[in-house]
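> Take this sequence and fold it.
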Amino acid sequence: MPYFIYKITSGSTGAIKDLECLDKYDEFKIAKMQIREKRLEFDKDNRIALKMIFAEDEFEAEQRLSATRDAPIMREWEK
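Have a look, this model is predicted:
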């Protein structure tokens, strides 16, 4: 399964506005190197986030990125 690098642009409310697939790599090391370089380019804009995701295809990757996850349960000792 390939590694996808996505540019995620959020709106003013913080909701995901746009998912754009930038690249696709078969090896983790190469994907990791590329996302580090791309994060330096997009570092100045707070509304843009770059994420790397491991998925079967672009559709699955976008489904995973769009899914809302529950907040983690905070234990008493973590407060």
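> Show me the residue sitting in the middle of the chain in space.
For the chain, K51 is the residue whose C-alpha lies nearest the centre (Cα atoms, centre = their mean; 2.2 Å).
> what does the longest helix along the chain contact?
Using DSSP state H to define each element, the chain has its longest helix at helix 28-41. With Cβ atoms under 8 Å, 6 or more residues apart in numbering as the contact definition, helix 28-41 has outside contacts at Y3, I5, L22, D23, Y25, L50, M52. Every residue, glycine included, has its C-beta placed from N, CA and C.
> And for E78, the neighbour number?
7 (other Cβ atoms under 10 Å).
> which residues in the chain form helices?
28-41, 58-66.
> Show me what the shortest one is packed up against.
Going back to what we said before, that points to helix 58-66. strand 3-10, strand 16-25, strand 48-54 (3 or more Cβ pairs under 8 Å, 6 or more residues apart in numbering; DSSP states H and E).
> Same list (those strands) but as a markdown table, adding distance to F42 and mean pLDDT.
Putting the helices and strands packed on helix 58-66 into a markdown table (distance: least, Cβ to Cβ, whole Å; pLDDT from 0 to 100) gives the following:
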| stretch | distance to F42 | mean pLDDT |
| --- | --- | --- |
| strand 3-10 | 7 | 90 |
| strand 16-25 | 10 | 87 |
| strand 48-54 | 5 | 91 |
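> Buried deepest among those strands, which one?
Among those, strand 3-10 has the highest mean neighbour count (mean count of other Cβ atoms under 10 Å), at a mean of 18.
> distance between that one and the chain's centre?
5 Å (Cα atoms, centre = their mean, to the nearest Å).
> just the CA coordinates of that strand, formatted as CSV?
The C-alpha trace of strand 3-10 is given here as CSV (Å, rounded to 0.1, in the frame of the first residue of the first chain):
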residue,chain,number,x,y,z
TYR,A,3,1.8,6.5,1.3
PHE,A,4,-0.1,9.6,0.3
ILE,A,5,0.8,13.2,1.2
TYR,A,6,-2.2,15.5,1.4
LYS,A,7,-2.4,19.3,1.8
ILE,A,8,-5.4,20.1,4.0
THR,A,9,-6.8,23.6,3.9
SER,A,10,-9.1,24.6,6.7
